[in-house]
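In: Got a predicted structure plus its sequence, pasted below:
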Amino acid sequence: MKRPLTALLALGCLVASYSAASQELFLLASSSSNTSVKYERKHFGHGWSDEDRDCQNTRAELLTELSINTVTYKRKDGCVVERGAWRSYFTNAYINQASKVDIDHVVPLHWAWSRGAADWSKAERKAFSNDYTNLIVVEKGLNRSKGSKGIDRWLPPANQCQYILRFKRVVLKYSLLLTYPEQNVVDNLRARHCMEGKYKLSSE
């Protein structure tokens, strides 16, 4: 049975209204974070933490773990790493001096702040800041150029696919909120930089 034209038009308007309302609710949820409080680094803890109180903070422990050679320390107490061999996640270049590397937050703290982290507890933000899932060893200069940009505004010179998948993994792990345009950018970047079948889902 053919539907009257007026009924089809009404159905079309209803679907369009529902879609618009759904998008509006999603965008509203994505902007509902408590961003009236200005972002400050201290909201995520004062620098790297040392949870096990062995004098090595998160940076020192990560440098020790990721070095392909045995690391050396500045002092006999083994608290501060001086040399090792690290492969940059941004360029694949090898770096031997700890003073020339940064530990980068794949999902920047400032970026996360405006997408849900502002509503977390202090303990949750501190845990996020020190989560190895979100930390990589990179060159200082490139890390400074990245700043607090998301993947829609910055990608590394190498390993773009792995970086995109890692970014998405952290976003999902912490239920950070993306607007529809941001989600579209993430999906498009993944389609552009990750060849189908080249990286398994477990790589995320």
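Out: Cool, the structure landed.
In: What pLDDT does the model give the residue nearest the centre of the chain?
Out: Centroid-nearest residue in the chain, with CA atoms, centre = their mean: Val107, separated by 1.9 Å. Note for Val107: predicted pLDDT of 98.
In: correct me, but it touches Arg169?
Out: No - assessed by CB atoms under 8 Å, Val107 is found out of contact with Arg169, at 9.3 Å. For every residue, glycine as well, the C-beta is placed using N, CA and C.
In: longest single strand anywhere in this protein?
Out: Using DSSP state E to define each element, the chain has its longest strand at strand 81-87.
In: So which bits of it are buried?
Out: Under the neighbour-count criterion of 16 or more other CB atoms under 10 Å, strand 81-87 has Val81, Arg83, Gly84, Trp86 buried.
In: centre of the chain versus that strand, how much separation?
Out: Relative to the centre of its chain, strand 81-87 is centred 23 Å away, using CA atoms, centre = their mean, to the nearest Å.
In: Sheet-wise, list the partners of the helix or strand just after that strand with their directions.
Out: Per DSSP states H and E, strand 81-87 leads on to strand 94-97 as the next helix or strand towards the C-terminus. Strand 94-97 has its sheet partners listed here by DSSP bridges as strand 81-87 (antiparallel).
In: For the partner strand, list the C-alpha coordinates in PDB.
Out: Output of strand 81-87 as PDB, limited to C-alpha atoms (Å, rounded to 0.1, in the frame of the first residue of the first chain):
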ATOM      1  CA  VAL A  81      68.400   8.100  34.400                       C
ATOM      2  CA  GLU A  82      71.300   9.600  32.400                       C
ATOM      3  CA  ARG A  83      71.900   7.400  29.400                       C
ATOM      4  CA  GLY A  84      70.200   4.500  27.600                       C
ATOM      5  CA  ALA A  85      68.900   3.800  24.100                       C
ATOM      6  CA  TRP A  86      65.400   4.700  23.200                       C
ATOM      7  CA  ARG A  87      63.500   4.600  19.900                       C
END
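In: how close does the closest residue to Cys194 other than its chain neighbours sit to Lys140?
Out: Ranked by CB to CB, 6 or more residues apart in numbering and with sequence neighbours excluded, the top spatial neighbour of Cys194 is Cys161, at 4.1 Å. Distance, Cys161 to Lys140, using CB to CB, to the nearest Å: 24 Å.
In: Which one of the two is surrounded by more residues?
Out: Cys161 (17 against 13; other CB atoms under 10 Å).
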